[in-house]
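Asker: Everything below, folded, please.
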Amino acid sequence: MSCDQDAETRHVLGCFRDRLKRLIQVEPLLDLLHFLEPDRKDRIKAKFREEGDINAAAFLIDEIIHSKNYARGWSRELIAALETVGCRHAAKYVLNSPPEPTEEAENDSCVRLIDLLQLTLVSMKTGDVCAHCRALGLLTLEDQENIMKLTENQGNIGGARLLLKRLVKNEAGWFSKFLQALEDTEHHDLVRELRGEPCNEDEAVSVKTVEEGEQSCSETMPVLPPVLSANSSLLSEDLDSSVDSSGGLCTSADNEGEYLKLESKRDIVLRDYQMEVARPALEEKNIIICLPTGSGKTRVAVYITKKHLERKKQMGQPGKVVVLVNKVPLVEQHYKAEFGRFLKHQYSVERVSGASQLKISFPQIIEQNDIIICTAQILENSLAKAKNGDEDGIKLSQFTLMVIDECHHTKKGGVYNHIMIRYLSQKHKNQLLKKQEKSPVPLPQILGLTASPGVGGAMNQQMAEEHILQICANLDAFTIKTTTFKEEEAKTPYKRIARAEERKEDPFGDVIKKIMDEIHTHADLKPLCDPGTQYYEQWVVQKEQNAAKEENQMVRVCAEHLRQYNEALHQSNTIRMSDAFRFLNKYHTEELKTKSSPDEEGTITITDTERFLFTLFKDNKAKLQELMGKPQYENNSLAQLKTSILKEFSTRERARGIIFTRTRLSAIALCQWIQENPKFDEVGVRASYLIGGGDQSVVKPMTAAEQKDVLNKFRDGQINLLIATTVAEEGLDIAECNFVIRYCLVTNEIAMIQARGRGRAEDSSYTLVAEAGSGVAERESVNEYREKMMSTAIVKVCKMNRADYEKKTREFQMQAIIEEKVKIKKKLLKGMMKEPPSKISLSCRQCSVFVCSGEDIEKIENMHHVNVTKQFSKLFTVRENASLQERLLDYETNGVIACKNCGQQWGSMMLYKSIECPCLHIKHFVVTYSSKKKTFSKWSELPIKFPAFDYTQHADLLVEDSEEEDLETD
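Answerer: Here you go, the predicted model:
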């Protein structure tokens, strides 16, 4: 390794010092670190004997960071030594390839769980468990010898402690293997304890019990104990990230017909447990209602809304309610199924979203209606306008009740939190106004609804309680109300984990890996991890970015192709080999299309490397096609999924279920697989898929109309199996199901609870299909533990002393207000420090040709970066892009613009008020900024202030050009 790489390793060691000191085994490592001088090794060993492994590891890291005298290449020796002694997890950090934050948090939870249950776990049969852990690759031979030696000298407990200490230093995935080792050695009680399965009924949390003989509301009740968690995952996908950003808004026409009129006259009757949780809100207190999916949270909110407006009317005061949701389809759902259904005969109810058809002033809608259902972003946009003095803005004081659906999203960075920060700031100002004997500004009552607030990545019970308190503080809640149901009332889905054996033969994957190896050789690339993994994905993305900045086109294009092959490997492990092949074939076909010019103005250059890559795929195409036709080589997870589906449809009289999967592509592919397989047709499976409406994926999104159509068919039975991304987990009113399957997918405890809650029917089941050793089952166990921790945390927060509760929530609120003020100041300062556009220039990410100076770029609506200069128009071609044919306010996108030289996509062609404007996407360029080449994923990352697009000036120029052309023609 070069000196630069050694220096980079020192920097990485410093960054990850606190984590590495817990992962490194110092004693065996020192024997392999030949670059360390003997006296330094002695000092570290003495530290180990006196203060233990962690302090010795910290001392070792500090020695390496601060010493500059090591021989060149020492970092390579350190990494090799870590891998040799079994510290592969630590090696990944040193290579600057840490796991994803969610994966890291989940692994930390596993470590914490082992720590919490250590007193129970040390009762294991150490010798048996140790042997199985060694066989599963969790321990080295030296580890095993040390553990057995300690067991002989200090007994079973001493050996067990060392075994646990060593296990947690493994990379992610160790927990599920440890559970397997315990299962194999018949430690079933310990496995249940680690999975969070209750040992007796006394452990169940009881806040409020439903009366015997009562049935659950609306649909049959699921079983979730109230649970809390924060954020959704990485990989979770919103039905519509559609947070509306438009200024002009619209309402939908009233075309529901007689059904809504008849339904609206029905009385709202709450069950005892619903009335109990609603009571504080009926006393005008701010509260959070936490009830399981299907237990009638929204119905309770409708009842509270009705009583609120009735009370205001009796008092002769105006009442106005806003219902906030985080997804566009929920606007229509809440209107038709709940608020419009029960209240439209008595009050004016309207719904507003960016997907509505008629442009109407939002303040006018607010003024004319009693109840407004809208996406949170619409309200936030209007509140921001009011603060900036815009007449088209509104204020929180115009509402008397604000209902926040899925309120667990009220956290940092979320639109709900932006709205509540405004609320909390005004509440704080009101306290000052009262002291000055001035009239305070009225604020609405707050009602939050959630099925699972989560624990926010909490590592212990105290942190879980703090998370619940933070959510309560964010929503200014007087309390959080929940209930628990008796066993006969709480129809929890039967849960099982269906483990698929690891693949024994994978010739299809071997061909892809062989292709990747040839690309590695061609580009002189030496990957640091195995293809098909998330670590490889991170490595190859970094390679592509660096190559783009260095203008190394050979490495850049090779890295881009390697990324596609890595994705194909991942696909072949979860869906069919044929799906992975189609993905690769489509990619290469589309890439070849970019190399052909749509006009005759010039020829797009194909480099030798691109020719090599296209030929490489072509040469292996026949072999891949041959192998994908051999079912014996398909992944075992797919076979396990097939077994699970057939079992559900064969053993139930009327089966109806949902399969949750990670990506849109896998949802569509699984749907096609089911539709094409006659076995499923024989048992009556009628499948369709449901995916999100955002445009962040290579897969064409579903429109709101398409989503609505699929859900309607599912409700009336035309479809009885829905294959969905995480879009269907939360909020949407999906028909009663009797089975739910999560296919190779685990995110966090909120998603687990929401998905499980879809199984609302009697005798429903919840199945997790996972490949052995994949870590999926392990993460599910962590989520179960977090769910239990959340339920306990809610109970403890409910029982807190009132003074302590108010003190704690006020601290959180003041912290949030101060943080927001600091954030605003920083934003203003950053805006003032922005440099002129002349500081940057853009070049093509693929062929490095100069594109334009920053001075040529203007902004439309403070959002879209365009270049309308004549010089720039000579550098690109326009290609059709059907998926972008959508109308957006006063502009529309007609196609993509691409480099004339190499075919690299640069952005899209917009039609803005009849002017064609090439819109640039920063991710497709290398930016030269202060003589340094950089890549960016968003324009907001650039500290440059671009001027606003001058429509009048460009319109005048177009008219002049047109008149000149007319004169020349004449």
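Asker: Where does pLDDT dip in the stretch 101-250 of the chain?
Answerer: Counting by pLDDT under 70, the ranges of the stretch 101-250 of the chain that qualify are 196-250.
Asker: any idea how far residue 34 is from residue 73?
Answerer: For residue 73, the distance to residue 34 under the criterion Cβ to Cβ, to the nearest Å works out to 11 Å. In this view, the C-beta of every residue, glycine as well, is placed from N, C-alpha and C.
Asker: I should have written residue 606 there, sorry.
Answerer: Counting by Cβ to Cβ - residue 606 and residue 34 are separated by 49 Å.
Asker: Quick check: residue 626 is in a strand.
Answerer: No: according to DSSP: H, G, I helix; E, B strand; the rest coil, residue 626 belongs to no strand; its state is helix.
Asker: And the pLDDT for it?
Answerer: Confidence per residue is given as pLDDT, and for residue 626 that number is 91.
Asker: Likewise for the one 4 residues further on?
Answerer: The model reports residue 630 with a pLDDT of 87.
Asker: Any idea how many residues pack against it?
Answerer: 11 (other Cβ atoms under 10 Å).
Asker: What does the closest residue to residue 660 other than its chain neighbours show for phi and psi?
Answerer: Nearest-residue entry for residue 660: residue 742, 4.8 Å, with adjacent residues in sequence omitted and distances by Cβ to Cβ, 6 or more residues apart in numbering. With angles defined as degrees, to the nearest 10, residue 742 sits at phi -100, psi 120.
Asker: Does residue 742 touch residue 768 like I think?
Answerer: Yes: the pair residue 742 / residue 768 is scored as a contact, 5.0 Å apart, by Cβ atoms under 8 Å.
Asker: By mean pLDDT, flag the weakest helix or strand of the protein.
Answerer: strand 887-888 (a mean of 37; mean pLDDT, DSSP states H and E).
Asker: hmm, back to that, quick one, which of residue 606 and residue 34 is more surrounded?
Answerer: The residue with the greater number of neighbours, taking residue 606 and residue 34 and applying other Cβ under 10 Å, is residue 606; the counts read 14 against 11.
Asker: Look up the closest residue to the more buried one, ignoring the ones flanking it.
Answerer: The shortest distance from residue 606 to any residue that is not its chain neighbour, by Cβ to Cβ, 6+ apart, is 5.2 Å, and that residue is residue 595.
Asker: If I follow the layout properly, the one you found ends up in contact with residue 903?
Answerer: Yes: at 5.2 Å, residue 595 and residue 903 qualify as touching, with contact defined as Cβ under 8 Å.
Asker: quick one: which of those two has more around it?
Answerer: When residue 595 is set against residue 903 and neighbours are counted by other Cβ under 10 Å, the residue ahead is residue 903, at 23 against 16.
Asker: ok, that one to residue 142 distance?
Answerer: To residue 142, residue 903 is 55 Å away according to Cβ to Cβ.
Asker: One more: residue 125?
Answerer: 21 Å.
Asker: and if you look at residue 374?
Answerer: Using Cβ to Cβ, we find residue 374 at a distance of 63 Å from residue 142.
Asker: out of the two, which sits in the busier spot?
Answerer: Remark: of residue 374 and residue 142, residue 374 carries more neighbours, 27 against 14, as counted by other Cβ under 10 Å.
Asker: In a strand, the more buried one, correct?
Answerer: Yes: secondary structure assignment places residue 374 in a strand (three-state DSSP).
Asker: Just list whatever residues bridge to it.
Answerer: Under DSSP bridges, the beta-bridge partners of residue 374 are residue 324, residue 352.
Asker: Would you enumerate the residues in contact with it?
Answerer: For residue 374, the contact set (Cβ atoms under 8 Å, 6 or more residues apart in numbering) comprises 322-325, 331, 351-353.
Asker: repeat for residue 743
Answerer: Contacts for residue 743 were tallied using Cβ under 8 Å, 6+ apart; they are 574, 637, 641, 659-661, 666, 670, 769.
Asker: Angles on the backbone of it, please.
Answerer: phi -100, psi 110.
Asker: Can you give me the distance of it to residue 726?
Answerer: With Cβ to Cβ as the criterion, residue 743 and residue 726 are 12 Å apart.
Asker: Kindly report the same for residue 461.
Answerer: Taken as Cβ to Cβ, the spacing of residue 461 relative to residue 726 amounts to 28 Å.
Asker: Give me the more crowded residue out of those two.
Answerer: residue 726 (25 against 16).
Asker: pLDDT value on the more buried one, please?
Answerer: At residue 726, the pLDDT value in this model is 72.
Asker: pretty sure it contacts residue 660?
Answerer: Yes: Residue 726 sits in contact with residue 660 when judged by Cβ under 8 Å, with a separation of 6.5 Å.
Asker: picking that back up, how close does the residue nearest to residue 660 sit to residue 382?
Answerer: Distance of residue 742 to residue 382, computed by Cβ to Cβ: 38 Å.
Asker: Could you list every helix and strand in contact with the helix ranked longest in the chain?
Answerer: Scanning the chain for the longest helix, with DSSP state H as the assignment, gives helix 802-832. Where contact means 3 or more Cβ pairs under 8 Å, 6 or more residues apart in numbering; DSSP states H and E, helix 802-832 is packed against helix 415-435, helix 461-474.
Asker: Tabulate those (JSON lines), appending distance to residue 60 and mean pLDDT.
Answerer: As requested, the helices and strands packed on helix 802-832 are arranged in JSON lines below (distance: least, Cβ to Cβ, whole Å; pLDDT from 0 to 100):
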{"stretch": "helix 415-435", "distance to residue 60": "42", "mean pLDDT": "91"}
{"stretch": "helix 461-474", "distance to residue 60": "30", "mean pLDDT": "88"}
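Asker: Show me the one of those that comes nearest residue 811.
Answerer: The closest of these to residue 811 is helix 461-474. By Cβ to Cβ, the value is 7.9 Å.
Asker: For the closest one, which residues meet the burial criterion?
Answerer: Across helix 461-474, burial judged by 16 or more other Cβ atoms under 10 Å covers 461, 464-474.
Asker: if we take the residues you listed, which one ends up nearest to residue 434?
Answerer: Checking the buried residues of helix 461-474 against residue 434 with Cβ to Cβ, the nearest one is residue 473 at 20.5 Å.
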